[in-house]
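*Asks:* return atomic coordinates for the entry below.
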Amino acid sequence: MAVLMYPISTEKAISLIDKENIIVYMTDMRATKTEIKKEFESLFKVKVKDVRTVNTISNKKKSYIKIAKGFKASDVATKLKLV
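*Replies:* Next up, the predicted model:
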């Protein structure tokens, strides 16, 4: 099962990258926080400090993935071509 679906590129999500070192991703509804964390860390070679999720109406989860100190969310956003 592919846990991560696609990154969110709204104005609020982009501002979270710089202000709070957070990347916002849409994920599968059945995915757990630990699955999201493991897949994100393996894909982008960064450490994840915390994962917060919000269920949406369209049977997806919006995941707020906080990157640990020592790593930059802006580097991940550049790889994803968000900024």
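
*Asks:* is it correct that A13 is in contact with M26?
*Replies:* No: assessed by Cβ atoms under 8 Å, A13 is found out of contact with M26, at 10.5 Å. Every C-beta, even on glycine, is put in place using the N, C-alpha and C of the backbone.

*Asks:* out of those two, which sits in the busier spot?
*Replies:* A13 (18 against 15; other Cβ atoms under 10 Å).

*Asks:* how close does the nearest residue to L82 once chain neighbours are set aside sit to K49?
*Replies:* Spatial nearest neighbour of L82, excluding adjacent residues (Cβ to Cβ, 6 or more residues apart in numbering): S9 at 5.2 Å. Using Cβ to Cβ, to the nearest Å, we find S9 at a distance of 22 Å from K49.

*Asks:* would you list every one of the helices in this structure?
*Replies:* Taking DSSP state H, the helices of the chain run over residues 11-20, 33-44, 73-79.

*Asks:* show the average pLDDT along the shortest one.
*Replies:* Yep, that's helix 73-79 we're talking about. Over the span of helix 73-79, the pLDDT mean works out to 94.

*Asks:* and for the second one?
*Replies:* In this model, helix 33-44 has a mean pLDDT of 96.

*Asks:* in that helix, what's buried?
*Replies:* By 16 or more other Cβ atoms under 10 Å, the buried positions in helix 33-44 come out as K33, E35, I36, K37, E39, F40, E41, F44.

*Asks:* tell me the one of the residues you listed nearest D18?
*Replies:* Nearest to D18 out of the buried residues of helix 33-44 is F44 (Cβ to Cβ; 17.2 Å).

*Asks:* pull the contacting residues for the closest one.
*Replies:* Shown in contact with F44 (Cβ atoms under 8 Å, 6 or more residues apart in numbering): V76, K79.

*Asks:* ok, now with 10 Å
*Replies:* L4, I23, I65, I67, F71, A73, D75, V76, K79, L80 (Cβ atoms under 10 Å, 6 or more residues apart in numbering).
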